[in-house]
Structures are given as C-alpha cells and as structure tokens.
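*Asks:* give me a 3D structure for the following:
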Amino acid sequence: MHTSQPPPVQPALLLRWLGALCRVHLIGAAHLPQEGVIFVMRRSHAALFRTIYNQILTQRQGFLILAPESDAQWQAGLVHLQDGRDVLLPLSTGDEGERQLLAGFQLARAAGRQLWPVGISAAPVIGPRRTGGHVHPLPGARVVVVFDTPFEVPQQPEEIPAAWSAAILHQLQQAEGQARDILATWRRQGKTPAP
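*Replies:* As a prediction, the model looks like this:
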C-alpha cells in the first residue's frame, strides 16, 4: 500500500483563497492612470496587495515585484513600465528602504512614470511575526487600500534629494493612517465606506 504526502500548500494559493473570502474596499483607485505606475508600499503588505491586484484590479496590465538585490530585475521593471505594466516596490525598513526608494526614483525618472504610495489596513489578520514578515487576512476580514496622491519625479536636479524620500515616506504614513481610520469606522459602523 502506497501512501503519499499531500503537496505542501503554496502561500500564493492560500492568499488567493483568503483574498476571495475578504471584503476589500479601494480608495483612490479610480484615479490610477492607464499606463504603468510604481506602487510603493510596506514589504509586509506586498503579498496582500498582490492578491488584491490580481483579483480586483483586473483591468491593469500586470506587474513585477522588484527585489532590492537584483539589478536585472530593475531593468525588467523599466521594460514593464514602458510596456504600460505596473511595478510594485515593497519597502524594507531602515537604510535598505532608503536605497530602494532612491532606485525607485531613478526608475520612475527613466520611465517617465509616477510613484503611488499605497496604504493598506486589514482586520482580523495573522501578523507579520507569524508569517515571515507578511500580513495575511483571515476569512471574513475587511481590507482597506488607499492609493495616495502620486509623486511625480522631476528630471532636475540630477542628484535625487533626501527630501524626496522623506516626502514619499510621509505620504505612505498618511495613506496607512487613512486606511486604518477608514477600517476602524467600517468595523464600528458596519457600512461600506464611500470610495
């Protein structure tokens, strides 16, 4: 008698399944341009955003998640943007996040595209400490995604000022705060927020 182990559950499959059981509300998605953009978010929210993108933002042309250590992938990101597709820039914390933002500014400048800070809040979730640094919503969770005002990267000055990173991080914090506030109101009042 042959007994075999079932195949391991793939995280992407699990997220698709969980994503289908969540209620998601998007704020600001109607203002996204048709051509590709660079979405900037916390690394902990990248897997959740990927699921939302694939299930809800189906009119978009597809995306590439940039890995901070891969120069070849940054070149592929430029091609994606030029072809009208999107790029996800999941930010790490600290100095690594600063380097990622600098590369993101250079990519946006080279492709002539905008950076869109994305704030995400979800509840109830399995937190990052238990899931390898990612937020995973539980079945029945409510998720709010806020697309903040885009950051247009000018061609001048040639050297990218540190103030630009501070501005994007501030916008990201604002979007995350807005997503948390909207989620708290949604959970308290029980009615879907206005887009």
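*Asks:* helices or strands up against the longest helix seen in the chain?
*Replies:* The longest helix of the chain (DSSP state H) is helix 162-189. Helix 162-189 is packed against strand 23-27, strand 38-42, helix 94-111, strand 114-126, strand 136-147, strand 151-152, with contacts defined by 3 or more Cβ pairs under 8 Å, 6 or more residues apart in numbering; DSSP states H and E. Glycine gets a C-beta too; all of them are placed from N, C-alpha and C.
*Asks:* please repeat the previous calculation with a cut-off of 10 Å.
*Replies:* strand 23-27, strand 38-42, strand 86-91, helix 94-111, strand 114-126, strand 136-147, strand 151-152 (3 or more Cβ pairs under 10 Å, 6 or more residues apart in numbering; DSSP states H and E).
*Asks:* show the average pLDDT along the third one.
*Replies:* Same thing as strand 86-91. The predicted model assigns strand 86-91 a mean pLDDT of 94.
*Asks:* now do stretch 159-171
*Replies:* Rounded mean pLDDT across stretch 159-171 is 92.
*Asks:* buried sites along it?
*Replies:* Within stretch 159-171, the residues scored as buried using 16 or more other Cβ atoms under 10 Å are Ile160, Trp164, Ser165, Ile168, Leu169, Gln171.
*Asks:* let's see stretch 60-77 as CSV, backbone CA atoms only.
*Replies:* These are the backbone C-alpha positions of stretch 60-77, laid out as CSV (Å, rounded to 0.1, in the frame of the first residue of the first chain):
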residue,chain,number,x,y,z
ARG,A,60,-4.4,46.6,-15.1
GLN,A,61,-1.8,45.1,-17.4
GLY,A,62,0.1,43.1,-14.8
PHE,A,63,3.1,43.9,-12.6
LEU,A,64,6.6,43.0,-11.5
ILE,A,65,7.6,42.9,-7.8
LEU,A,66,11.1,44.5,-7.5
ALA,A,67,13.6,42.6,-5.4
PRO,A,68,16.1,45.1,-3.9
GLU,A,69,19.1,43.0,-4.6
SER,A,70,18.6,42.3,-8.3
ASP,A,71,19.8,44.8,-10.9
ALA,A,72,18.5,42.7,-13.7
GLN,A,73,15.0,42.9,-12.2
TRP,A,74,15.3,46.7,-12.1
GLN,A,75,16.0,46.7,-15.8
ALA,A,76,13.0,44.4,-16.3
GLY,A,77,11.0,47.0,-14.3
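*Asks:* tell me the gap between that stretch and the middle of its chain.
*Replies:* With Cα atoms, centre = their mean, to the nearest Å as the basis, stretch 60-77 stands 13 Å off its chain's centre.
*Asks:* swap in stretch 169-179?
*Replies:* For stretch 169-179, the distance to the chain centre is 12 Å (Cα atoms, centre = their mean).
*Asks:* can you list contacts of that stretch?
*Replies:* Residues from elsewhere that reach stretch 169-179, judged by Cβ atoms under 10 Å, 6 or more residues apart in numbering: 25, 27-28, 40-42, 45, 91, 97-98, 101, 115-122, 143-151.
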